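Colleague: what would the 3D arrangement of this be:
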Amino acid sequence: MSENAEGDFSPDDAADPPGDPTADAPGSPSEPTRDAGEDIGFGEGPQSDEEMPLADHIEEMVRRAGVVAFVAAVVAVFAFPFTDRVINFLWYSYLPGSAPPHIYIVPGLLFTRIKTASLAGLILALPLLVYQTYRFMRPGLYPNERRYYLAAVPTSLVLAFVGVSFAYFAVLPFVFSYFLQYTEQVTTIAFALGQTFDLILVLMGYLAVVFQIPLLVMLALMLNVVSRTWMAQRRLLFWGGFAGVSFLFTSVDPTGVSPILIGITMILLFEGTLLLAKWTGH
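Modeller: Predicted coordinates:
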């Protein structure tokens, strides 16, 4: 403090009273309050809002995709010794009492075994793919959104097995039954191993992915990426996309039946999920 010419103290030079409880108290205008959870990444906002360069984003995406591909390959390697049993089981499930499969190229059996093992890798790698996308998006997600995403990891595996089961018990029996009834009056059928298993494995793998539609739709709604009304207003575009993708990926079916069945299945899954979302208030 200073003293003026008359010996009085200047008010401007007066210090704050010692022990003033409001001088630097948290919550005063000079120091905004902050939720304690923000320091450890569990506040109401995203864990991190730092922007990364595009090159870093691409590098991280490639790295995480590589992890998924590596795990799928490892699963395929472990499944490879059991593929002979799987091939015989599937062959006689749809062609009971028929002759053994015909091989028209020398490495045909090897290629079929590799494809069968790869299907196992694809199915078991789907939950890891969901988890890796979660890890990629986690810094920008709110706590409740992170819980939704983590719950989607086991759900993805369950839906994949439901899709494979749907192919095994519903789609493939119908396709083979139709094919046999269509041709048995004209000629004797000699099923080739490669083409027959291309049909079986493609339909199983494709339906394992198709049955992820409810999961993807619910995640998009819960994360507020889009609204249910937005999807409902554009349902015809979704239907057209489903039909196009079905005919593209199921072209291995010579009967043309499976693209129709799978397209209808995709539409029903989509519409059923929208109804569920409406019922649950999303």
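Colleague: tell me which residues touch residue 175, please.
Modeller: The contact partners of residue 175, by Cβ atoms under 8 Å, 6 or more residues apart in numbering, come to 199, 203, 253, 255, 257-258, 261. In this view, the C-beta of every residue, glycine as well, is placed from N, C-alpha and C.
Colleague: let me know the helix or strand that it is in.
Modeller: Residue 175 is part of helix 172-183, with elements assigned from DSSP states H and E.
Colleague: any idea which residue sits dead centre in this structure?
Modeller: residue 130 (4.6 Å; Cα atoms, centre = their mean).
Colleague: pretty sure it contacts residue 153?
Modeller: Yes. Under the criterion of Cβ atoms under 8 Å, residue 130 makes contact with residue 153 at 5.2 Å.
Colleague: please enumerate the helices of the stretch 1-150 of the chain.
Modeller: Here the stretch 1-150 of the chain has its helices, by DSSP state H, counting those that start in this stretch, at 54-79, 83-94, 108-137, 143-166.
Colleague: any idea which of those is most buried?
Modeller: Neighbour counts averaged per stretch over the helices of the stretch 1-150 of the chain are highest for helix 108-137, at a mean of 19; criterion: mean count of other Cβ atoms under 10 Å.
Colleague: by how many degrees do that one and helix 83-94 diverge?
Modeller: Per axes from the mean of the first three to the mean of the last three Cα atoms, to 10 degrees, the angle that helix 108-137 makes with helix 83-94 is 100 degrees.
Colleague: same for helix 108-137, what does it pack against?
Modeller: With contacts defined as 3 or more Cβ pairs under 8 Å, 6 or more residues apart in numbering; DSSP states H and E, helix 108-137 has these neighbours: helix 54-79, helix 83-94, helix 143-166, helix 193-210.
Colleague: nearest to residue 218, of these?
Modeller: Residue 218 lies closest to helix 143-166 among those, at 8.1 Å (Cβ to Cβ).
Colleague: contacts for the closest one, please.
Modeller: For helix 143-166, using Cβ under 8 Å, 6+ apart, the contacting residues are 42-44, 123-124, 126-127, 129-131, 133-134, 137-138, 141, 204, 207-212, 214-215, 219, 222-223, 265.
Colleague: just how off-centre is that helix within its chain?
Modeller: Relative to the centre of its chain, helix 143-166 is centred 8 Å away, using Cα atoms, centre = their mean, to the nearest Å.
Colleague: what mean pLDDT does it get?
Modeller: Average pLDDT, helix 143-166: 91.
Colleague: and residue 88, how far from residue 70?
Modeller: Here residue 88 is placed at a distance of 29 Å from residue 70 (Cβ to Cβ, to the nearest Å).
Colleague: same deal with residue 223?
Modeller: Distance of residue 223 to residue 70, computed by Cβ to Cβ: 27 Å.
Colleague: and residue 104, by the same measure?
Modeller: Distance, residue 104 to residue 70, by Cβ to Cβ: 33 Å.
Colleague: buried sites along stretch 209-221?
Modeller: Buried residues in stretch 209-221, counted by 16 or more other Cβ atoms under 10 Å: 209-221.
Colleague: pull the CA atoms of that stretch into CSV?
Modeller: C-alpha atoms of stretch 209-221 as CSV (Å, rounded to 0.1, in the frame of the first residue of the first chain):
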residue,chain,number,x,y,z
VAL,A,209,-23.6,-59.6,-43.0
VAL,A,210,-27.2,-58.9,-43.9
PHE,A,211,-28.4,-59.7,-40.4
GLN,A,212,-26.2,-56.8,-39.1
ILE,A,213,-28.9,-54.4,-40.6
PRO,A,214,-30.8,-54.1,-37.3
LEU,A,215,-27.6,-53.4,-35.4
LEU,A,216,-26.5,-50.8,-37.8
VAL,A,217,-29.9,-49.0,-37.9
MET,A,218,-30.2,-49.0,-34.1
LEU,A,219,-26.6,-47.7,-33.7
ALA,A,220,-27.3,-44.9,-36.2
LEU,A,221,-30.4,-43.9,-34.3
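Colleague: and residue 248, that's in a strand?
Modeller: No. Judged by DSSP: H, G, I helix; E, B strand; the rest coil, residue 248 forms no part of a strand; its state is helix.
Colleague: quick one: secondary structure of the nearest residue to residue 242 once chain neighbours are set aside?
Modeller: Nearest non-adjacent residue to residue 242, counting by Cβ to Cβ, 6 or more residues apart in numbering: residue 266, 3.9 Å away. The three-state label given to residue 266 by three-state DSSP is helix.
Colleague: now do the one 10 residues further on
Modeller: Assigned by three-state DSSP, the conformation of residue 276 is helix.
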